[in-house]
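Student: How does the following fold in three dimensions:
(one chain, ligands or ions: 1)
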Amino acid sequence: MTTELIDKIKQYWNAQPCNIKHSLSTPGTEQYWNEVTERRFFVEPHLRDFAGFHSWRGKRVLEIGSGIGSDAVEFARHGADYVGIDLSAESVAMSRQRFELFDLAGEFHVMNGADSAAVASLGQFDLVYSCGVLHHYPDMTACLDNIHNALRPMGEFRMLVYAKNSWKYTMIQKGLDQFEAQSDCPYAKAYSREEIYDLLQGQFEVLRIRQDHCFMYNVPKYRAGEYELEPWFAAMPEEMRAAVKEYLGWHLLIKARKI
Ligand SMILES: C[S@@+](CC[C@H](N)C(=O)[O-])C[C@H]1O[C@@H](n2cnc3c(N)ncnc32)[C@H](O)[C@@H]1O
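Tutor: Down below sits the predicted model:
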């Protein structure tokens, strides 16, 4: 793998850290961060259940790819002993500012989840959590080895990656959509359930894999802060939209345990 590609990945997430446009208020203010949180869990409500923030009070949690700290805030508010790492120095700086503003305890490091010595220096964890990250890195196997080593015996690993068997991937294949809201993402991949089982085999026992989430809103309106379903989704009864999320959802939600 070329360092050139890794540099491009860093540059991409430094130029626009993930979800910074989730609020139109002044970046870094309390109002801005509250709106970022509100929008995240309005659009992706399944993430609360997936992370199970309340379950990790007093436990050590490592997040790989912590972005601007949206899930970090929830882990910390629920009493976890939280450590977040991200390739993007800009994202880490924003997370630190967010934690300082809300007087939350937690650590952030600019670090690559594939760097075995660096990840090992962080110690052992009860949960390793990674939401929408490892599909953006070309060496998933190196990251998984480090995650396995960072977990205590029977420790849990929760990972969200993009699903191949999804509405969104179908549209991307046909040139009707793109992986990220921001264009020119240097690396992104979608996975089948079978590929995930193969990647985790030998190191993790898969507890559950399920699908959820399909972004159904009109993008220009969404950018302006409005929620209007695209007409083809608006025409569906709610049960049909729920079926799309369950069987063709973009998020492959994996819960596994270290073996
Ligand atoms: C789509 S964002 C998701 C951020 C956050 N988890 C969230 O849900 O908002 C992907 C993030 O993963 C980071 N990332 C990608 N590969 C990484 C790696 N190998 N180690 C650490 N961070 C990584 C990127 O810098 C970026 O901030």
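
Student: Just list the residues touching P27, thanks.
Tutor: I20 (Cβ atoms under 8 Å, 6 or more residues apart in numbering). The way it works is simple: take the backbone N, C-alpha and C, and place the C-beta from them, glycine included.

Student: start at 31 instead
Tutor: Sure thing, new numbering starts at 31, so read that last one as P57.

Student: Relative to the ligand, how far out is it?
Tutor: From P57 over to the ligand the distance is 15 Å, taken as Cβ to the nearest ligand atom, to the nearest Å.

Student: Now do that residue, the pLDDT please.
Tutor: Note for P57: predicted pLDDT of 96.

Student: Ok, S213 next?
Tutor: S213 is given a pLDDT of 86.

Student: What is the three-state secondary structure of it?
Tutor: The three-state label given to S213 by DSSP: H, G, I helix; E, B strand; the rest coil is coil.

Student: Does A119 touch N44 like I think?
Tutor: Yes - using Cβ atoms under 8 Å, A119 is in contact with N44, at 6.4 Å.

Student: What residues of the longest strand belonging to the chain count as buried?
Tutor: The longest strand of the chain (DSSP state E) is strand 181-192. Going by neighbour count (16 or more other Cβ atoms under 10 Å), the buried part of strand 181-192 is L181, G185, E186, F187, R188, M189, L190, V191, Y192.

Student: and which of the residues you listed is nearest the ligand?
Tutor: Nearest to the ligand among these, counting by Cβ to the nearest ligand atom, is L190 at 7.6 Å.

Student: Quick check: chain neighbours aside, which residue is closest to that closest one?
Tutor: C161 (4.6 Å; Cβ to Cβ, 6 or more residues apart in numbering).

Student: Counting neighbours, what do you get for that neighbour?
Tutor: Neighbour count of C161, defined by other Cβ atoms under 10 Å: 23.
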